[in-house]
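*Asks:* have a look at this fold, sequence not included:
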């Protein structure tokens, strides 16, 4: 046996999102998934958070990086691929057809500047290929979107199986069930290490079947006399099919509203994954012409996103849908932790408008959504098929991992159970069963709208947060011979109401001038700028009671000449262009 198996989670073990892992198997290194993490509400203007690409770059430099392997198409597993390929152009990307479809759409919509073309390597569920010295097998599992797979890697260092995101539906609404025979065949061949999804693994029992969700949605929708709005995640093709079946059962026309969901539906129909009859899917432009009592619309924005259709409808700002008494809004999605207040705001707006609301909490929400992540019985079923010698819980925040660790200890025994977090490494020598832990430096990258990239602890991120909370102020100080040479110009951003801003800026400028006039001459520009910044911050704090980010710049007047000085040196009868026009309109000036 060669070098030990080495696992390095770069993201996703200790965080909900940006799943990214390096698996070293003998001479071959593979990246498994490359997703984004959505920023917290405290960081306005940040579009996405990326895992570190340094481990991938290091493997590429060593000549051992063989490719990126994708388990499925959710953004927390593939959303950062365009950014990765900007850093590693030409890296082969292996994925199933539907996952590749979603990835290409990600490139079309959000690829950063400099991102390289996608080097596609299509694989199909159940297929085994050899890359380098490693056999790779994609094994179909059920999840909340098509063609999700577990991934088996059998190489010189041993055999590791990555579960991906999965549940074990016996009779899924969309597509075939989990490939139990394939998982068992891999297990029968010997598996040294299984990496198992922890998102819901500690919850008892099994996830609710998708067909039960359809039955419950039908039961609720039948009570509505007006329009029925169902909101869920835009990638949830199986829920789209479920809503279509609800529409059929309740005699309603079905429409999908929201750019991302509409694009997903079109692609799923083209791929044969969403079985829609000819003319059955109502165009969004035909919504207004359809009686509300005959309308069921799947609408995006279940997390309260400001620009999504659901939020526009709640604010009464949507041009196509207006809801009121008799209409119904049903949440068929969980609320991502931290989004409760935003979603609650939408619920209240709809309730005030007389809409019947079934929010994503309380007894009324039972059975209207089911997780794509298997509960403990399903995790146990997967493990019984794969038969690993060692088990490592992956995916989720520390609470998920610790709870899952405890549940797994009762099933597989603590001696077979391993633990790991982002920023750590694990080596397993399969010939001796020696496990070694190590540390690995990882640095997230925060990407703002527009593409600016910040390291995770860059001071600029703190400044952005403070500016978002407290506003900001800037000052330009006229400067000559080491002294203030005029009234500083202050700009205040969000410190007070708009009608009060001009008055505040004038007061701040006059106060700055009075204080700076008392200074002794300062020759060092950096020292003068910093002293001016601190003075502005002190004055602002006294005026408005907060300490926003402040910025000061010196405007050097040394060597600058005023128009009055120019005029004094001009021959009689001539003027400069600011004070007189020597030419007639439409003529060129004399040479």
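*Replies:* Thanks, I have it. Predicted model only: the values in this text are computed from it and were never measured.

*Asks:* so where's the stretch 1-150 of the chain shaky on pLDDT?
*Replies:* For the stretch 1-150 of the chain, applying pLDDT under 70 flags the ranges 1-2.

*Asks:* could you pull out the strands for it?
*Replies:* For the stretch 1-150 of the chain, the strands defined by DSSP state E, counting those that start in this stretch occupy 5-11, 20-25, 28-34, 46-50, 65-69, 92-95, 119-122, 128-131, 134-140, 149-155.

*Asks:* could those be laid out in JSON lines, adding mean neighbour count and distance to residue 309?
*Replies:* Any C-beta I mention is one placed from the backbone N, CA and C, and that applies to glycine too. Formatted as JSON lines, the strands of the stretch 1-150 of the chain follow (neighbours: other C-beta atoms under 10 Å; distance: least, C-beta to C-beta, whole Å):
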{"stretch": "strand 5-11", "mean neighbour count": "25", "distance to residue 309": "31"}
{"stretch": "strand 20-25", "mean neighbour count": "25", "distance to residue 309": "31"}
{"stretch": "strand 28-34", "mean neighbour count": "26", "distance to residue 309": "29"}
{"stretch": "strand 46-50", "mean neighbour count": "22", "distance to residue 309": "20"}
{"stretch": "strand 65-69", "mean neighbour count": "22", "distance to residue 309": "33"}
{"stretch": "strand 92-95", "mean neighbour count": "21", "distance to residue 309": "29"}
{"stretch": "strand 119-122", "mean neighbour count": "14", "distance to residue 309": "32"}
{"stretch": "strand 128-131", "mean neighbour count": "13", "distance to residue 309": "41"}
{"stretch": "strand 134-140", "mean neighbour count": "23", "distance to residue 309": "33"}
{"stretch": "strand 149-155", "mean neighbour count": "26", "distance to residue 309": "32"}
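
*Asks:* with respect to residue 289, which of the ones you listed lies nearest?
*Replies:* In terms of C-beta to C-beta, the element of the strands of the stretch 1-150 of the chain nearest to residue 289 is strand 46-50, at 36.7 Å.

*Asks:* which other residues reach that closest one?
*Replies:* 17-18, 36-39, 79-80, 83, 444-449, 456, 461, 464 (C-beta atoms under 8 Å, 6 or more residues apart in numbering).

*Asks:* ok, back up a step: mind giving me JSON lines with the strands of the stretch 1-150 of the chain and columns for distance to residue 519?
*Replies:* Below are these laid out as JSON lines (distance: least, C-beta to C-beta, whole Å):
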{"stretch": "strand 5-11", "distance to residue 519": "50"}
{"stretch": "strand 20-25", "distance to residue 519": "52"}
{"stretch": "strand 28-34", "distance to residue 519": "54"}
{"stretch": "strand 46-50", "distance to residue 519": "39"}
{"stretch": "strand 65-69", "distance to residue 519": "58"}
{"stretch": "strand 92-95", "distance to residue 519": "60"}
{"stretch": "strand 119-122", "distance to residue 519": "61"}
{"stretch": "strand 128-131", "distance to residue 519": "68"}
{"stretch": "strand 134-140", "distance to residue 519": "69"}
{"stretch": "strand 149-155", "distance to residue 519": "66"}
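
*Asks:* which of these sits closest to residue 481?
*Replies:* strand 46-50 (43.1 Å).
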